[in-house]
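>>> Just need the structure, nothing else, for what follows:
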Amino acid sequence: MIVSHYISNPLTIDGLKFDLRIYVAITNLNPLRIYMHEEGLVRFATEIYEPPENSSKTGLNQFIHLTNYSINKQNLGWFKENLDDGDGKNGSKWSIKSLR
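Model (predicted):
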């Protein structure tokens, strides 16, 4: 199951909209038992964020508002594949560890 909620005034990193993908497993409801994986993903849009009302005349630019990796890798001018095994802060997808 995926849980998501659109935020009209989002936080940005370097002007780019992002989302956090955190993995959890619910193994029992009574008593409640939830396991959260220590690592996850931070996925970035590939163009500087501007509110939707600013783009109403030109149409919605998916590379500004969507953080889906498969969509943003098509934005050849802006997409950056993360090739660094070090801190991981040089691409369009980071680990949660790199965000911290």
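>>> Can you tell me the SS state at Ser98?
helix (DSSP: H, G, I helix; E, B strand; the rest coil).
>>> so where do the helices sit in the chain?
Listed in chain order, the helices found in the chain under DSSP state H are 62-65, 69-72, 96-99.
>>> wait, isn't Phe18 in contact with Asn68?
No. Contact status for Phe18 versus Asn68: not in contact, 11.7 Å apart, counting by CB atoms under 8 Å. Where you see a C-beta, it was placed from the backbone N, CA and C, and this is true even at glycine.
>>> In terms of neighbours, single out the busier of those two.
Phe18 (20 against 11; other CB atoms under 10 Å).
>>> any chance of the helices of the chain in CSV, with mean neighbour count and mean pLDDT too?
Putting those into CSV (neighbours: other CB atoms under 10 Å; pLDDT from 0 to 100) gives the following:
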stretch, mean neighbour count, mean pLDDT
helix 62-65, 18, 84
helix 69-72, 14, 84
helix 96-99, 15, 85
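>>> So which of those is nearest Val3?
Nearest to Val3, of all those, is helix 96-99, at 16.7 Å by CB to CB.
>>> Only alpha carbons, please: show the closest one as PDB.
Presented in PDB, the C-alpha positions along helix 96-99 are these (Å, rounded to 0.1, in the frame of the first residue of the first chain):
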ATOM      1  CA  ILE A  96      17.700   8.800   3.900                       C
ATOM      2  CA  LYS A  97      21.200   8.500   5.400                       C
ATOM      3  CA  SER A  98      22.500  11.000   2.800                       C
ATOM      4  CA  LEU A  99      19.600  13.400   3.700                       C
END
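>>> elements contacting it?
Under the contact criterion of 3 or more CB pairs under 8 Å, 6 or more residues apart in numbering; DSSP states H and E, helix 96-99 touches strand 41-44.
>>> I would like the residues contacting the strand it packs on, please.
Strand 41-44 has contacts (CB atoms under 8 Å, 6 or more residues apart in numbering) with 13, 16-21, 67-69, 72, 92-96, 98-99.
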